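Visitor: give me the fold of what follows.
(chains A and B)
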Amino acid sequence: MADLVIRTDELTKRYGRVLAVDKLSLQVERGHVFGLLGPNGSGKTTFMSLLLGLVRPTSGSFQLFGADTPHRDALQRTGAIVEVPSFYPYLSGRKNLAYFQGLLGRGSAQEIDDLLEQVGLAERATDAFHTYSLGMKQRLGIASTLLGDPELLFLDEPTNGMDPAGMAEIRDLIRSLGTERRTVLLSSHLLHEVEQVCDSVAILSKGKVIVQGAVDDLVYTQEQVLLDTTDNTAAAAILERLDWVEAVTTENGTLVVTAPDDRSSELSAVLGRSEVYVTQMTRRRASLEEYFLDVTGGEEAAAS
Amino acid sequence: MIASIPRLARWEWFKLRSRRMPWVMLLVAALVVQLMFWGVFAFYASGVLLQSMSSSYSSERLDLEISLTCADLQGEGIAYDDYAPEAQAELRQMVDDMSLACDAALQQHRALREALTLPGSLVVPWVLIQGFWVVLLMILSASTVGVEYGWGTLRMVLAKGVNRSAFMAAKFLTLAGMNIAGMLAVAASLAVSSLIATALTANDGDGAAVAAAPGAPAIDWGTVARMLGGAMYGWLPYILLGMFLAAVTRSSATAISLALGYYILGEQVLATVLSGLFEWYETIRPYVLVHAVDDWLADAAMQLSIGIGGDGGPSLFIEPDRLRAFLVLLGYIVVLGSATLWAFRRQDMAGARDA
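Guide: Residues are numbered from 1 along each chain as shown, chains lettered A, B, ... in the order given. So this is what the prediction gives:
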């Protein structure tokens, strides 16, 4: 049985007439980097807030680290930034970390130095938080989530406000955080970020999970091959008869064949036997963004 | 939960002492107290109480005009034989009247001196700035809780698994501790001023007179400790009121406005108006916060009325039921504390608003 770090059962949060999270059931295994993807207002942040005890559920239940772990104990093993990283503006980055380390009741000054170094804030460690740029605030937020070496991380839009180099740096860091013992729950409006960083993903829309699974599995279902042949009409007829080919369409005169990744190489051989020869073959791996647009019907996707 | 409170309080203290606001408040309070102290000193040093006391006698028939001050009555006194026999009787009557008035003025003069010297100097300013200090306390309390909402830091704190009740209890203990530390700091500044004032008036001869004066108000160190301790307890409800308003409104600015509104309209205007206009108000009066605090701190007020108000003070002073005041304040502490925890525990935490 999988070692589940997060398990929710029909978790629901209603704000008046607005249903922010609607009977959301989700399971996250240990050691995964799990992405929460969805348009603005789809309930990602509310879902994280529910799990962190910041918001009380209207109905449903959830467990962190299994049913035997009291919620407060679970939070002691968790690091989180939800929405924007919020710190005391008059304290320096180092003092802010010292404070949050103090709340945990464990850790050392060396740990703070190491974390500041890890997120690239060592040189500005003694400056007041209010002097930091948004990107630096994000870095400090990530450093604070790592205090006490937590087993579970909640990262809500962690690269928001960063420059491209910083984003790549933080993505590498997040990727490295998902280890055997550590699990990361990442919410991001940057679809390619989720695709690059996450092992699994849940796509949310209007508070509901539309689809959940491994990123590779979700993208795999959309594996496509672009084909140009000596006779595209005949090729289409031949390929449509194959039971492992899901679909054959045409885009600007080019055949678009949807087929499993491991069998796409057979296309050329099958067509060759019918004396239809491939003149050009290009694999097109559908991005998570395309899949996301597909399953959410493009809802607010551009904005999010 | 209870075990974590001292640790949380330690870190609350870390945050609070790093803020500029409490230090500015302390500086302002210390300046106000020093201003009052040296104002009293200037009044005392001018000797105006004694100098303003004068009496004159004139007679056209005897072609005589005499003017006396309290200073004239000291030393060798009046040489009555230098005056005509008809004038001597008038003069003796005048001197007797003047002696009584001068004794009263001297009593007040000496009381002022006691208010300037240790340990009395540590008490009197507190009675005078009680309202100001209470307002500062409410502002600090409301701000300490309210900014956590505004900056969004509450979410970060609670996401670390910190117990909400323990967090609020730690805040309360820290604010109460800050109140005590602030009072002691102001008291220390007063002590320094007292020593300076005592040195400046070392040769005016009133020191021994104050000690020897029969019936003079005696503010000893025990009284000082009792009064400062009483004030520390009596002002706890105001700390909780500030915290409660911030927890309910989730905004330091709104909470501070409401706290100031309560103090100005509720305590200064409404309580005074109702007290003067309606008899029924007397029934509930002991249970109204401002009056309960007054009753609880009546010891200090009484000392002040004896000292500053002269010998008429004690006879006009009605000893309040201090035990009842203690219990009423305890009730406020329990109710406001519970209401704050109740409001804080049940609310959802939104994100930062002005971070």
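Visitor: which residues of the stretch 201-350 of chain B fall in helices?
Guide: Secondary structure of the stretch 201-350 of chain B, counting by DSSP state H, counting those that start in this stretch: helices at B:206-212, B:221-234, B:236-249, B:252-261, B:271-277, B:281-284, B:289-296, B:298-307, B:312-316, B:322-346.
Visitor: quick one, which of the ones you listed is nearest to chain A?
Guide: Ranking the helices of the stretch 201-350 of chain B by proximity to chain A (CB to the nearest CB) places helix B:322-346 first, at 7.6 Å. Yep, even glycine has a C-beta here, placed from its N, CA and C like the rest.
Visitor: in the closest one, which residues are buried?
Guide: B:325-326, B:328-329, B:332-333, B:336-337, B:339-341, B:343-344 (16 or more other CB atoms under 10 Å in any protein chain shown).
Visitor: state the mean pLDDT of that helix.
Guide: Mean pLDDT, helix B:322-346: 94.
Visitor: and that helix with helix B:236-249, angle?
Guide: Orientation of helix B:322-346 against helix B:236-249 (axes from the mean of the first three to the mean of the last three CA atoms, to 10 degrees) gives an angle of 20 degrees.
Visitor: now for helix B:322-346, which elements pack on it?
Guide: On a contact count with 3 or more CB pairs under 8 Å, 6 or more residues apart in numbering or on different chains; DSSP states H and E, helix B:322-346 meets helix B:164-200, helix B:221-234, helix B:236-249, helix B:289-296, helix B:298-307.
Visitor: most tightly packed of those?
Guide: helix B:236-249 (a mean of 26; mean count of other CB atoms under 10 Å in any protein chain shown).
Visitor: give me the contact list for it.
Guide: The contact list for helix B:236-249, computed with CB atoms under 8 Å, 6 or more residues apart in numbering or on different chains, reads B:134, B:137-146, B:149, B:168, B:171-172, B:175-176, B:179, B:252, B:254-256, B:258-259, B:262, B:289, B:293, B:329, B:332-333, B:336-337, B:339-340, B:343-344, B:347.
Visitor: restrict it to CA atoms and write it as PDB.
Guide: Only the C-alpha atoms of helix B:236-249 are listed here, as PDB (Å, rounded to 0.1, in the frame of the first residue of the first chain):
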ATOM      1  CA  LEU B 236      -4.500  44.300  32.300                       C
ATOM      2  CA  PRO B 237      -8.100  44.600  31.100                       C
ATOM      3  CA  TYR B 238      -7.000  47.400  28.700                       C
ATOM      4  CA  ILE B 239      -4.300  45.200  27.200                       C
ATOM      5  CA  LEU B 240      -7.000  42.600  26.600                       C
ATOM      6  CA  LEU B 241      -9.400  45.100  25.300                       C
ATOM      7  CA  GLY B 242      -6.900  46.200  22.600                       C
ATOM      8  CA  MET B 243      -6.200  42.600  21.700                       C
ATOM      9  CA  PHE B 244      -9.900  41.700  21.600                       C
ATOM     10  CA  LEU B 245     -10.700  44.600  19.300                       C
ATOM     11  CA  ALA B 246      -7.800  43.600  16.900                       C
ATOM     12  CA  ALA B 247      -8.800  40.000  16.900                       C
ATOM     13  CA  VAL B 248     -12.400  40.800  16.100                       C
ATOM     14  CA  THR B 249     -11.700  43.500  13.500                       C
END
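Visitor: and it with helix B:289-296, angle?
Guide: Using the same axes, to 10 degrees: helix B:236-249 against helix B:289-296 is 160 degrees.
Visitor: next, the distance between the ends of stretch A:128-140.
Guide: End-to-end distance of stretch A:128-140 (CA to CA, to the nearest Å): 12 Å.
Visitor: who's in contact with stretch B:324-342?
Guide: Taking CB under 8 Å, 6+ apart as the rule, stretch B:324-342 contacts B:164-165, B:168-169, B:172, B:233-234, B:236-237, B:240-241, B:243-244, B:247, B:286-287, B:289, B:292-293, B:295-296, B:298.
Visitor: what about B:Asp97, how many neighbours?
Guide: Residues lying near B:Asp97 (other CB atoms under 10 Å in any protein chain shown) number 12.
Visitor: also the one 3 residues further on?
Guide: Counted with other CB under 10 Å, the burial measure for B:Leu100 works out to 9 neighbours.
Visitor: next: B:Ile66.
Guide: By the criterion of other CB under 10 Å, B:Ile66 has 17 neighbours.
Visitor: mind checking the SS state of it?
Guide: strand (DSSP: H, G, I helix; E, B strand; the rest coil).
Visitor: so it touches B:Leu91, yeah?
Guide: Yes: with contact defined as CB atoms under 8 Å, B:Ile66 and B:Leu91 form a contacting pair (6.7 Å).
Visitor: get me the contact residues on the stretch 151-300 of chain A for chain B.
Guide: Contacts of the stretch 151-300 of chain A with chain B, taken as CB under 8 Å from any CB of the partner chain, map to A:Phe154.
Visitor: could you list the low-pLDDT ranges of the stretch 151-300 of chain A?
Guide: By pLDDT under 70, the weakly predicted segments of the stretch 151-300 of chain A are A:180, A:219-222, A:285-291, A:294-300.
Visitor: nearest to chain B: which residue in it?
Guide: A:Phe154 (7.5 Å).
Visitor: please name the bridge partners of that residue.
Guide: Counting by DSSP bridges, A:Phe154 forms beta bridges with A:Ala80, A:Leu185.
Visitor: return the residues in contact with it.
Guide: By CB under 8 Å, 6+ apart, the contact set of A:Phe154 is A:48, A:51-52, A:78-82, A:145, A:185, B:159.
Visitor: what parts of the stretch 101-250 of chain B come near chain A?
Guide: B:151-153, B:155-163.
Visitor: give the other helices and strands that the helix ranked longest in chain A contacts.
Guide: When chain A is parsed with DSSP state H, its longest helix is helix A:164-177. If you count contacts as 3+ CB pairs under 8 Å, 6+ apart, helix A:164-177 packs onto strand A:33-37, helix A:134-145, strand A:183-187, helix A:191-197.
Visitor: which residues sit against the longest one?
Guide: Identification of contacts with helix A:134-145 by CB under 8 Å, 6+ apart yields A:79-81, A:84-85, A:87, A:93, A:96-97, A:100, A:115-116, A:118-121, A:124, A:129, A:132, A:153-155, A:158-163, A:166, A:170, A:173, B:156.
Visitor: if any of these are buried, put those into a PyMOL selection.
Guide: Buried residues within the contacts of helix A:134-145, by 16+ other CB under 10 Å, are selected in PyMOL with:
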select buried, (chain A and resi 79+80+81+84+85+87+93+96+97+100+115+116+119+120+121+124+129+132+153+154+155+158+159+160+161+162+166+170+173) or (chain B and resi 156)
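Visitor: for residue 30, phi and psi?
Guide: Looking at chain A here, since you left the chain open. phi -60, psi 140 (degrees, to the nearest 10).
Visitor: now, the residues of the stretch 101-250 of chain B next to chain A that are in helices?
Guide: B:151, B:153, B:155-158.
Visitor: ok, and the helix or strand in chain B with the lowest average confidence?
Guide: Scoring the helices and strands of chain B by mean pLDDT, DSSP states H and E places helix B:312-316 at the bottom, with a mean of 45.
Visitor: how about the closest residue to chain B within the stretch 101-250 of chain A: what's its closest non-neighbour residue?
Guide: Among all residues of the stretch 101-250 of chain A, A:Gly102 sits closest to chain B, at 4.3 Å; criterion: CB to the nearest CB. Counting by CB to CB, 6 or more residues apart in numbering or on different chains, B:Trp11 is the residue found nearest to A:Gly102 once chain neighbours are left out, at 4.3 Å.
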